[in-house]
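1. Show me the folded form of this:
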Amino acid sequence: MAQSGPRRHGDVEMMDLDSIPLFMRDLPGDDSGTSVAYEALQSLVYEGTPDDSIKAACQPVALGSSDQAKNFKEQGNDYFKGKKFREAVGFYTQGIDVKPEDPVLKEALLLNRALCNLELKNFGSVLRDTSTTLSFNPKSSKAHYRAACALESLGRYAEALDVCVRCLAFDPKNASILTQRQKVLQLKQAADRVEAEVAERLRKEAQEKRVMNACFQSLSLVVINTGSPNPHEGWAPHFDPNFSGFRTSATPVLFPVFLQYPQYSTSDLITSFDPSATFAHHLSTMFPPTRSMPISPSATSPIHPAAPLWDKTGEYTSGNLSVYATTSRNRLLKIGKRMTLRDACDAAARVPPGSEKDGLELRDASLNFSVVPKGEWEKTWVEEFKAKQASGALG
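-> Next up, the predicted model:
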């Protein structure tokens, strides 16, 4: 019989482990003393492994919507305290999006977001959030206050005042609302005054425009606006500044009149020509009464004006000048110096029966007349005008 040798250390360890149920490689017999431990081990098979139990214990607990919303609200508050309003809006929005069931929490999120949007000047967003709040809590004083602030910033003072009044109906001692109501009331009163002033100014302008157009029609003027740059921009037909009171058809209208001197390609502007004034009156204040050579403006007579410097021959004296007007239909009219501006307008509008209407042109807000010295130059100029008229060159 073979003798068994001494057991090695490793064999002893393995045999010892075989006696421990958790490390058994073979099932024990029925008479094994380890049956109780073995039964305990078997129960683990049906209850799950230790790893499964650990994993189950480590699974995160799902938060309710209100808990999530509170977390977002707290994060939004932290950003708000740091004046990071856009970031705060983002967190409040996330809190609203989880749809918390607590109405108080929902209201806080909406009104906090509204407050941030007030700072960001997103007034439309403020009104949406305050409106949503008031839909489920019509007595929210904060919602009323923030809505009133947004409406005030939008210049909608009447609506802002209405919101304050509604809030004071159930919260009459709210200091913020009382202060806001007073502020909005003052702003509304100031805006109403400005609005009334603007309305009155527009009414006067409309009335003056009607009177001005009536004056143009009474003078048979043909109004033409070319849109071209006006070197004398700012001058236009205007009411006599010495006439006070309400504008009517009897109110004097003064016209800017260009006197053009084709001989020297220059002109003068009479800024306020009264239709009742004669051409002789204006010419006598612009030209000397007798023929003279040009002199320095500093040597002007205290009684009579000096000859213009561009008058090389001294022909331009008040008694040696002829005035002409061109009508809308290119008719050339000689205007007597004793004629008034109204007389000139009436002469231009006078046409044979059956002819097209005619009149002087009010071109780019001014009237135009040509002034030439009597004599050969006048005769030549008139003949050239008629030749152009016959050829159609006048347009």
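2. what residue ranges in the stretch 101-250 of the chain score low on pLDDT?
-> Within the stretch 101-250 of the chain, the ranges that satisfy pLDDT under 70 run 230-234, 245, 249.
3. Helices of that one, start to end?
-> Using DSSP state H, counting those that start in this stretch, the helices assigned to the stretch 101-250 of the chain run over residues 103-119, 123-136, 141-153, 157-170, 175-218.
4. Which stretch among those is buried most, on average?
-> Most buried of those by mean neighbour count (mean count of other C-beta atoms under 10 Å) is helix 141-153; its value is a mean of 23. Heads up, the C-betas are built off the backbone N, CA and C, glycines and all.
5. same for it, what does it pack against?
-> Packing contacts for helix 141-153, counted by 3 or more C-beta pairs under 8 Å, 6 or more residues apart in numbering; DSSP states H and E, involve helix 103-119, helix 123-136, helix 157-170, helix 175-218.
6. how much space is there between the spatially most central residue of the chain and residue 389?
-> The residue lying closest to the centre of the chain (C-alpha atoms, centre = their mean) is residue 154, at 12.6 Å. Residue 154 sits 63 Å away from residue 389, taking C-beta to C-beta, to the nearest Å as the criterion.
7. And residue 347, by the same measure?
-> Distance of residue 347 to residue 389, computed by C-beta to C-beta: 18 Å.
8. higher neighbour count, these two?
-> Between residue 347 and residue 389, counted using other C-beta atoms under 10 Å, residue 347 has the larger neighbour count: 19 against 14.
9. Leaving aside the residues adjacent along the chain, what's closest to residue 344?
-> Excluding the flanking residues, the one nearest residue 344 by C-beta to C-beta, 6 or more residues apart in numbering is residue 335, at 4.9 Å.
10. thinking again about what came up before, distance to residue 265 added to the helices of the stretch 101-250 of the chain, as TSV?
-> Listed next are the helices of the stretch 101-250 of the chain as TSV, based on distance: least, C-beta to C-beta, whole Å:
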stretch	distance to residue 265
helix 103-119	66
helix 123-136	61
helix 141-153	60
helix 157-170	60
helix 175-218	29
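11. Out of those, the one nearest residue 248 is which?
-> Closest approach to residue 248 among those (C-beta to C-beta): helix 175-218, 6.3 Å.
12. Can you spell out which helices and strands pack onto that closest one?
-> helix 141-153, helix 157-170, strand 253-261.
13. go with 6 Å
-> Applying 3 or more C-beta pairs under 6 Å, 6 or more residues apart in numbering; DSSP states H and E, one finds that helix 175-218 makes contact with helix 141-153, helix 157-170.
14. Great, nothing more from me.
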